[in-house]
Structures are given as structure tokens and as C-alpha cells.
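Asker: any chance you could fold what I've pasted below:
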Amino acid sequence: MYKNLVARCACALAAASFFIPFSLISAQAQAQAPQPVGEPLKAAFVYVAPLTDAGWVRQHEEGRLAVQAALGSRVETRYVENVPEGADAERVIRDLAQQGHRIIFTPSFGYMEPTLKVAREFPDVKFESITGYKTAPNVAAANARYYEGRYLAGVAAGRMASQAGYVAGFPIPEVIQGINAFTLGMRSVNPKAQLRVVFLGEWFNPPRERDAAMSLMNQGAEVLAFHTGSTAVMAAAQERGKLAVAYHSDMRRVAPDAQVVAVTHVWTDYYTRRVKAALDGTWSSGTVWGGVKDGMIRVEGFGSKVPAAVRDEVLARQADMAAGRLHPFAAREAVKDNEGRVVIPAGSTLGDADILNMNWFVDGVVTRLPK
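Answerer: Below is the predicted model:
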């Protein structure tokens with residue numbers, strides 16, 4: 001896990017300056033030949049876990065369905081699910097390219113290197129590395145500012161609890177950003193709030209996700225959050241009569257009483273725009289990091305136990321965030337990490353490079369970051 005963290009930290013700073021606003025992606029286009037008239041463009045999606053009713057994969061499947069609905073007979077889409085990161089991913093991506101797919105979406109961080117390797121073999125195929133940060137002439141990268149939704153969810157959680165637990169996959173910056181933003185959101189309304197973290201070393205393992213959730217609740221967690229791929233944490237909270245924040249998608253079907261709010265990922269617009277650009281010959285490589293302002297992240301699905309005043313407060317903060325008036329990592333007073341070092345000086349705001357390289361836990365997180 002530490003090697004994953006070091007690798008991403010080492011490269012993220014170099015990548016930071018290449019992020020462009022979601023709304024400007026089409027402006028970066030290079031002249032390319034459009035798809036032949038009358039011939040549907042074949043688009044493929046590779047999923048790291050099984051397709052279920054909610055979660056990471058479900059949100060990307062919603063994106064695929066939106067592409068098909070918007071572009072109709074001009075496209076032909078398919079997906080391959082439950083593809084492990086590594087050699088299996090490389091094999092599947094290569095097979096899809098050989099089968100004539102002209103644009104391939106690979107939404108998992110561990111797909112980045114396999115995607116780049118296959119892309120070198122198929123220069124006429126377009127690839128979209130989702131959550132990756134490396135690009136090539138025929139490889140674009142896109143991610144979302146998940147930490148923005150985490151902060152907003154933390155505000156809701158902090159109004160309803162003081163002890164929180166967090167089930168996470170790996171200690172990479174993307175995950176660390178979310179843990180810190182969630183904690184800062186909680187402590188913005190509840191300064192005594194604390195959070196404990198369990199890292200699993202994998203993204204999707206429902207039994208282990210459930211066990212971690214149970215352990216955190218046994219240690220006093222009143223509300224849970226997670227950065228894994230299933231609904232197991234939500235189901236555990238429902239079973240124990242606790243609260244939980246849904247991630248990736250609305251999970252009230254699984255946890256109707258437990259859900260506080262959902263941090264929802266929205267890939268429908270981005271995927272549709274990118275496939276349309278491939279059709280029109282305006283697709284280009286580039287890197288996008290979109291957030292609440294761009295409609296790629298939002299909080300919704302407030303649970304029945306959430307007071308109306310809390311819902312209204314969170315939605316008002318979301319509006320402030322969309323308007324640029326609120327930043328999760330802006331500090332009125334100095335922010336310290338959980339080892340006592342100042343990490344955000346008073347009156348300053350972390351820039352993208354610092355966020356992308358985040359390798360510390362904010363004060364309030366009880367767990368130490370793995371070394």
C-alpha cells in the first residue's frame with residue numbers, strides 16, 4: 001500500500017498543472033477524423049467490481065447507459081465487469097481494442113498503467129483513464145473532486161454524531177483527501193468530533209467491509225463513511241441501528257433508516273460528451289478534475305432521520321461550494337495534522353498540487369496514517 005502512495009505522490013505534482021476545467025475539455029480538441037457516417041462507434045467500459053444496484057461500478061454503468069440513450073444508433077456500447085487490476089485488466093483492454101472498440105473507458109486507478117501500455121499498441125483507439133493521472137496522445141485522464149462531497153457529508157454527520165468510523169481501500173491521496181475533508185466538515189459544526197479509519201488493502205470485498213464496519217461500531221462509531229465499492233458498510237449500519245453516509249450512489253434501498261446522505265458521482269454528462277467528441281472528430285487528450293461546480297459530485301438522498309435544518313444547511317453549503325465561496329481546505333485558523341504539525345496555515349487555502357500530494361491526516365482523525 002505504501003508503494004502505491006509513494007508512486008502517486010511522486011507523479012501527482014507534475015500532473016497538477018495539466019488539470020483543465022470540465023467545461024473546457026472540448027476547447028482542447030485536435031483535428032481528428034470523425035466516425036464514418038452510418039457506422040456506429042463502438043465504446044467499451046471496463047469495471048473493476050461486479051455490477052450491482054449501487055456503488056462505484058453502478059455510477060459508471062449509469063454513464064454508459066446515458067451515452068447509449070443520448071447517441072442512439074450512432075454508438076454501440078458494452079461493458080466487462082469484475083476485472084481485477086493488473087494483468088487481467090491489460091488482457092481485457094487489449095481484447096476490446098482488437099474487437100474494434102474505438103473508445104475505451106477504464107474507471108479504476110489500478111487500470112492506469114495497463115491502459116497506457118495497450119494504448120501504445122493501438123494509436124487509433126481513444127482511451128479514458130478514469131481516476132488516473134497519466135496521459136498520452138490517445139489517452140485522456142479524468143477524475144472528480146470527491147473530497148468536496150465528503151466535506152458536505154461531514155457537515156451532516158457532525159450535526160448528528162461525534163464519533164465516526166471510516167472504511168477505506170488504500171491510503172492513497174484520493175482516499176486521504178476524503179477522510180480529511182469529512183473530518184473537517186464534521187468539526188466545522190462539532191469541534192470535538194473524532195474519526196477512526198480501517199484500511200482494507202482492496203476496493204471490493206463485502207465481507208471484509210462489513211467486518212470493518214462492525215469493528216468501528218464496536219469502538220463507538222455512531223456514524224460510518226467508506227471508500228470501498230459495495231454497500232456492505234451501509235447494510236452493517238442499518239443492522240446495528242447506526243448512521244452511515246452512502247458513497248458513489250444513493251443507497252437508501254439498502255439502508256433506509258441508516259443513510260444520512262449520499263455523496264453521488266455523476267459521470268453521465270462527461271461520458272456522453274467524450275463519446276460524442278470521438279464521433280465528431282473533436283476528441284483530444286487532456287486531464288479533467290471536476291467537482292460540485294461541474295456537476296460531477298453532489299450530495300443528495302438525505303435520510304428520514306436528518307432534520308430539515310441540517311438538510312438545508314448542507315444544501316446551502318453545497319451552493320456556496322458551487323459558487324466558489326467555500327473550499328474544504330481553506331483555513332480561517334491554522335489547521336494541524338494529527339501529529340501536531342501545521343499543514344494549512346491560517347488564512348490560506350491548499351492548492352491542487354498540495355491536495356493531490358496529501359499524505360497526512362488532519363487533527364481529529366485518531367488513526368495514524370500507515371507508513
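Asker: helix, strand or coil for residue 42?
Answerer: strand (DSSP: H, G, I helix; E, B strand; the rest coil).
Asker: all helices for the stretch 51-200 of the chain, in order.
Answerer: Under the criterion DSSP state H, counting those that start in this stretch, helices of the stretch 51-200 of the chain are mapped to 56-71, 87-98, 112-121, 146-160, 173-189.
Asker: now do the longest one: which elements does it pack against?
Answerer: Using 3 or more Cβ pairs under 8 Å, 6 or more residues apart in numbering; DSSP states H and E as the contact criterion, the elements in contact with helix 173-189 are helix 2-16, helix 146-160, strand 163-168, strand 194-199, strand 223-227, helix 352-356. Placement of C-beta: from N, CA and C, glycine included.
Asker: do that again at 7 Å, thanks
Answerer: helix 2-16, helix 146-160, strand 163-168, strand 194-199, strand 223-227 (3 or more Cβ pairs under 7 Å, 6 or more residues apart in numbering; DSSP states H and E).
Asker: ok now the last one, how far from the chain's centre?
Answerer: Once both centres are worked out by Cα atoms, centre = their mean, to the nearest Å, strand 223-227 turns out to sit 14 Å from its chain's centre.
Asker: that one: which residues count as buried?
Answerer: Using 16 or more other Cβ atoms under 10 Å as the test for burial, strand 223-227 gives 223, 224, 225, 226, 227.
Asker: make TSV out of the residues you listed and add pLDDT and distance to residue 237.
Answerer: Supplementary listing: the buried residues of strand 223-227 in TSV, determined by pLDDT from 0 to 100; distance: Cβ to Cβ, whole Å:
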residue	pLDDT	distance to residue 237
223	98	8
224	98	5
225	98	10
226	98	10
227	96	15
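Asker: quick one, what contacts the nearest residue to residue 81 once chain neighbours are set aside?
Answerer: Distances taken as Cβ to Cβ, 6 or more residues apart in numbering place residue 47 nearest to residue 81, at 4.3 Å, with adjacent residues excluded. The contact partners of residue 47, by Cβ atoms under 7 Å, 6 or more residues apart in numbering, come to 57, 60, 79, 80, 81, 82, 83.
Asker: what's the spacing between residue 47 and residue 112?
Answerer: 15 Å (Cβ to Cβ, to the nearest Å).
Asker: likewise for residue 52?
Answerer: In terms of Cβ to Cβ, residue 52 sits 24 Å off from residue 112.
Asker: ditto for residue 335
Answerer: Distance of residue 335 to residue 112, computed by Cβ to Cβ: 30 Å.
Asker: give me the mean pLDDT for stretch 240-255.
Answerer: The average pLDDT within stretch 240-255 is 96.
Asker: would you mark the buried spots in that stretch?
Answerer: Using 16+ other Cβ under 10 Å as the test for burial, stretch 240-255 gives 240, 242-252, 254-255.
Asker: which among these gets closest to residue 161?
Answerer: residue 243 (6.2 Å; Cβ to Cβ).
Asker: so the closest one sits against residue 161, correct?
Answerer: Yes. Using Cβ atoms under 7 Å, residue 243 is in contact with residue 161, at 6.2 Å.
Asker: where do the contact lists of those two overlap?
Answerer: Common neighbours of residue 243 and residue 161 are listed as 222, 223 (criterion: Cβ under 7 Å, 6+ apart).
Asker: residue 197 bridge partners, please.
Answerer: Residues in a beta bridge with residue 197, per DSSP bridges, are residue 166.
Asker: so residue 52 and residue 112 - more neighbours on which side?
Answerer: Taking other Cβ atoms under 10 Å, residue 52 and residue 112 do not tie; residue 112 has more neighbours (22 against 18).
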